[in-house]
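Participant: Provided below for reference: sequence and predicted model.
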Amino acid sequence: MELSLTSRTDGDFEIIEVGGEIDVYTAPKLREAIVAAVDAGHTRLIIDVQKVDFLDSTGLGVLVGALKRVRADGGSLDIVCTQERILKIFEITGLDKVFGLHTSIDEARTTQPL
């Protein structure tokens with residue numbers, strides 16, 4: 001399955017909406033989108049994975065790398081997800097304690113960075 005990516009700026013936030021599968025083949029596309037956003041000066045990212053069907057360790061690695069990068073610049077990276085199977089991946093890996101996980105973009109926007 002293909003990966004779809006849509007980026008938009010909303011105030012202080014760069015919102016990247018992701019759909020499809022994030023795996024070893026498609027994760028580089030996600031990495032490129034995140035790097036482009038950070039290189040453009042965006043340090044408050046919201047990654048919306050509501051339409052993601054599959055997320056593997058490569059995809060998680062991209063998200064962790066992005067989080068480290070924006071935090072180094074005093075920024076934040078929040079994830080919007082309500083799908084149980086994707087949330088379970090964050091819980092099993094302990095990343096639910098690392099990322100801000102939210103049920104909507106609006107909720108993610110109102111959260112202050114750590």
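Facilitator: Received it, and whenever you're ready, just let me know what you need.
Participant: contacts and neighbour counts: CA atoms only from here.
Facilitator: Will do.
Participant: So which residue is dead centre in this protein?
Facilitator: Ile47 (3.2 Å; Cα atoms, centre = their mean).
Participant: what about Gly19, neighbour count?
Facilitator: Gly19 has 19 neighbouring residues, counting by other Cα atoms under 10 Å.
Participant: That one - that's part of a strand, no?
Facilitator: Yes: counting by DSSP: H, G, I helix; E, B strand; the rest coil, Gly19 is found in a strand.
Participant: Can you name the residues that contact the closest residue to Ala27 other than its chain neighbours?
Facilitator: The shortest distance from Ala27 to any non-neighbouring residue, by Cα to Cα, 6 or more residues apart in numbering, is to Gly59 (5.3 Å). By Cα atoms under 8 Å, 6 or more residues apart in numbering, the residues touching Gly59 are Ile22, Asp23, Val24, Ala27.
Participant: how near is Leu95 to Leu101?
Facilitator: Distance, Leu95 to Leu101, using Cα to Cα, to the nearest Å: 10 Å.
Participant: Just want to check the distance between the residue nearest to Leu3 when sequence neighbours are not counted and Ile46.
Facilitator: Closest residue in space to Leu3, ignoring its immediate chain neighbours: Gly20 at 4.7 Å, by Cα to Cα, 6+ apart. To Ile46, Gly20 is 17 Å away according to Cα to Cα.
Participant: coming back round to it: what pairs with the residue nearest to Leu3 across the strands?
Facilitator: Taking DSSP bridges as the rule, Gly20 bridges to Leu3, Val52.
Participant: Count the neighbours of it for me.
Facilitator: Neighbours around Gly20, by other Cα under 10 Å: 18.
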